[in-house]
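Colleague: Generate a structure from the sequence data that follows.
(one chain, ligands or ions: 1)
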Amino acid sequence: MRYLPFLILAACLNSLPAQSQVNRRPVHHYSQPKNWSNDPNGMIYLDGEYHLFYQYNPFGTDWGHMSWGHAVSKDLQTWETLPVALTEVQHPDGRGSDMFFSGGAVVDSLNTSGLFKPGFKHGIVAVYTIQKIIDRKGAGESQGIAYSEDKGRTFKIYDGNPVLDIGLDNFRDPSVIWDATNKVWIMTVAIPLEHKVHFYWSKNLKDWELKGQFGGQGDITKIWECPALTRVKVENSSEKKWVLLISSGHKYDGYVGMQYFVGDFDGKTFTPQKQEGVFHIDEGKDFYAAIPFGNPPASQPDPIIIGWANNWAYGKDIPADEYRGQFSLPRKLTLVDENGTLKLRQVPVISASIPTEKVTLTKGRAFTSALSKKNENVYRLVLDLDLKDSKGFEIELLKHDTFRTLVSYDVQTSTLTFDRNNSGETGFSEQFKGLESMTVKPENGRLKLDIIVDKSLVEIYANDGKAVMSELVFLKSNTSSYSIKWK
Ligand code: FRU
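Modeller: Numbers count the residues shown, from 1 in each chain. Here you go, the predicted structure:
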């Protein structure tokens, strides 16, 4: 009998899932099987496969030994992880362990680089930042190339590297596109501390010449990183505009985020439209370093981006068992004219197999659903909310024990707020806490919300993707429920 209290305690402890037993790995978002990841890199489509390379540490769950991890997908919905594509063990001359920082990739179908056999149309050239960590006699950061004859499975490092070195310690994250008008490759690359990007031209991916620059506007509260230029269709018109994506600051002090500029680009000069304030791609805290897929198939003409679903403010502290870092859903970009100003619309690419609930709600009408009872933290809630007679609403997502993630809307201020302060595990960093909000104006008295819950990641697309918010949550249970309440 003396042991009874201990037996009861042991039985109680047994019935609670240990932290590590909670499965937080998203099902519909890509995450590497183990170790650390950050930025998407070298995103490219070739011969039926989308390639997602990414910043990867092969040796652990902390940032370091930066290499390019690799995953491929045929449909952007399910991913297969392949062996690491670029890593320090491949360094050719034994001079040390330079790191492979972020960059882009192109398909050199005309063999402009001369790196492939004559007539070979399927060569991939990765263009990345060489981050010197041993031999610091030269510049800290320069640009290098590596090429692959086997669809990204293996790369050879170009022995004439670096291909672009301007003697700076901070000069990184090249992204390269083919300019069909000028018949040149154009590299956009960041000078992070100066809040600007440079545009370089090359005919062969090896010799680069500075042609223009852009910067000093928009958000300059943080360094500029991971720039990318892409042409985006303006809805209901035959026009396309250039969109410049920049990873930089956040509307919340101390966090990183992404901004974009819409404008014209002649290969040398980027001229932005007049805009008021900063345009953010995602107003949550967990979307950074997104770039578009290059060389898209004809069936997929709109650019598709993927971001790193994390924030440098706490990214190194988030709970990790075997892996740390995961990626957003792929998002299709178009431009919408809002009273003469062009803004991005983002539509997620996600498998129809995710349990989905489509609900039209009006204040006073009762709501019951199967999914709201007990679900496995993976579902999509497509809400069409008629705001008539209401002050707003509250959605309690991911309710388990005393925890819940709150999404609320205030009609008077048109503000959607995400509160993860009591979402589960939050104590790993003071900066993880806090509310995030975004302005979303009702359209014809209604608000549309597409809420995608995927275990540790919640993405909210409001009004058909005109405003987006992505947030990490670290639940303490494998099941949860949700409820919706009018105010
Ligand atoms: C952005 C970034 C890039 C750099 C990479 C290093 O998140 O800082 O500028 O290339 O991460 O991992």
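Colleague: give me the element the residue in the stretch 251-400 of the chain that the ligand sits nearest to is part of.
Modeller: Nearest to the ligand in the stretch 251-400 of the chain, going by C-beta to the nearest ligand atom, is residue 289, at a distance of 4.7 Å. The C-beta positions use only the backbone N, C-alpha and C, and glycine is treated the same way. Residue 289 is part of strand 288-292, with elements assigned from DSSP states H and E.
Colleague: what is the mean pLDDT for that strand?
Modeller: On average, the pLDDT along strand 288-292 is 98.
Colleague: start at 170 instead
Modeller: Okay, residue one is now 170; in that scheme the one you just asked about reads as strand 457-461.
Colleague: what are the pairing partners of it, and which direction each?
Modeller: Strands adjacent to strand 457-461 in the sheet, as given by DSSP bridges, are strand 473-477 (antiparallel).
Colleague: Show residues contacting the next helix or strand after the strand it pairs with.
Modeller: Counting by DSSP H and E, the next helix or strand C-terminal to strand 473-477 is strand 492-493. For strand 492-493, contacts defined as C-beta atoms under 8 Å, 6 or more residues apart in numbering pick out 194, 200-206, 230-231, 484-485, 487.
Colleague: Tell me the gap between strand 492-493 and the middle of its chain.
Modeller: Its chain's C-alpha centre and that of strand 492-493 lie 16 Å apart, by C-alpha atoms, centre = their mean, to the nearest Å.
Colleague: got the angle between the longest strand along the chain and strand 473-477?
Modeller: The residue-count maximum for a strand in the chain (DSSP state E) belongs to strand 204-215. With axes from the mean of the first three to the mean of the last three C-alpha atoms, to 10 degrees as the criterion, the two stretches strand 204-215 and strand 473-477 enclose an angle of 170 degrees.
Colleague: Straight-line length of stretch 272-283, end to end?
Modeller: When the termini of stretch 272-283 are compared using C-alpha to C-alpha, to the nearest Å, they are 21 Å apart.
Colleague: buried ones in it?
Modeller: Buried residues in stretch 272-283, defined by neighbour count with 16 or more other C-beta atoms under 10 Å: 272-277, 281-282.
Colleague: Spell out whether that stretch and the ligand are in contact.
Modeller: No - remark: stretch 272-283 sits outside contact range of the ligand, by C-beta under 6 Å from any ligand atom, the gap being at least 7.6 Å.
Colleague: what's next to that stretch, contact-wise?
Modeller: For stretch 272-283, with C-beta under 8 Å, 6+ apart as the criterion, the contacting residues are 210-213, 215, 220, 222, 284-285, 287-298, 312, 314, 316, 321, 342-347, 354, 372-375, 397, 460, 463-464.
Colleague: 7 Å - rerun?
Modeller: 210-211, 213, 215, 222, 285, 287, 289-290, 292-298, 316, 342-345, 347, 354, 372-375, 460, 463-464 (C-beta atoms under 7 Å, 6 or more residues apart in numbering).
Colleague: and it, what's its mean pLDDT?
Modeller: Confidence for stretch 272-283, expressed as mean pLDDT, is 98.
Colleague: Give me the pLDDT for residue 350.
Modeller: Per-residue confidence for residue 350 comes out at a pLDDT of 90.
Colleague: Count the neighbours of it for me.
Modeller: The local packing count at residue 350 equals 7, with neighbours defined by other C-beta atoms under 10 Å.
Colleague: Which single one of the contacts of strand 492-493 is nearest to residue 514?
Modeller: When these are compared for distance to residue 514, the smallest value, 26.1 Å, is given by residue 200; criterion: C-beta to C-beta.
Colleague: Shouldn't that closest one be within a strand?
Modeller: No - if the criterion is DSSP: H, G, I helix; E, B strand; the rest coil, then residue 200 is coil and not within a strand.
Colleague: and it, what is it in contact with?
Modeller: Residue 200 makes contact with 194, 492, 495-496 under the criterion C-beta under 7 Å, 6+ apart.
Colleague: separation between it and residue 610?
Modeller: With the distance defined as C-beta to C-beta, to the nearest Å, residue 200 ends up 34 Å from residue 610.
Colleague: same check, this time on residue 288
Modeller: Distance from residue 288 to residue 610, counting by C-beta to C-beta: 55 Å.
Colleague: Over to residue 206?
Modeller: Residue 206 sits 36 Å away from residue 610, taking C-beta to C-beta as the criterion.
Colleague: Quick check: residue 372 touching residue 348?
Modeller: No - in terms of C-beta atoms under 7 Å, residue 372 does not count as a neighbour of residue 348; the distance is 10.8 Å.
Colleague: for the residue of the stretch 320-469 of the chain found nearest the ligand, phi and psi?
Modeller: Of all residues in the stretch 320-469 of the chain, residue 394 sits closest to the ligand, with a separation of 3.6 Å (C-beta to the nearest ligand atom). Backbone torsions for residue 394, taken as degrees, to the nearest 10, come to phi -140, psi 170.
Colleague: From what I see, it and residue 359 are in contact.
Modeller: Yes - with contacts counted by C-beta under 7 Å, residue 394 reaches residue 359, the gap being 5.5 Å.
Colleague: Between the two ends of stretch 568-577, how far is it?
Modeller: The separation between the terminal residues of stretch 568-577, taken as C-alpha to C-alpha, is 15 Å.
Colleague: Tell me what the nearest residue to the residue of the stretch 320-469 of the chain closest to the ligand once chain neighbours are set aside is bridged to.
Modeller: Sequence neighbours aside, residue 416 is the residue nearest to residue 394 in space, at 4.5 Å (criterion: C-beta to C-beta, 6 or more residues apart in numbering). Taking DSSP bridges as the rule, residue 416 bridges to residue 394, residue 427.
Colleague: Neighbours of residue 416, how many?
Modeller: A total of 29 residues lie near residue 416 under the criterion other C-beta under 10 Å.
Colleague: And it, how close does it get to residue 459?
Modeller: Taken as C-beta to C-beta, the spacing of residue 416 relative to residue 459 amounts to 8 Å.
Colleague: Overlap in contacts, the two.
Modeller: The contact sets of residue 416 and residue 459 overlap at residue 427 (C-beta under 7 Å, 6+ apart).
Colleague: which residues does the closest residue in space to residue 558 that isn't next to it in sequence contact?
Modeller: Leaving out its chain neighbours, the residue that sits closest to residue 558 by C-beta to C-beta, 6+ apart is residue 532, at 5.1 Å. Taking C-beta under 7 Å, 6+ apart as the contact definition, residue 532 lies against 557-559, 655.
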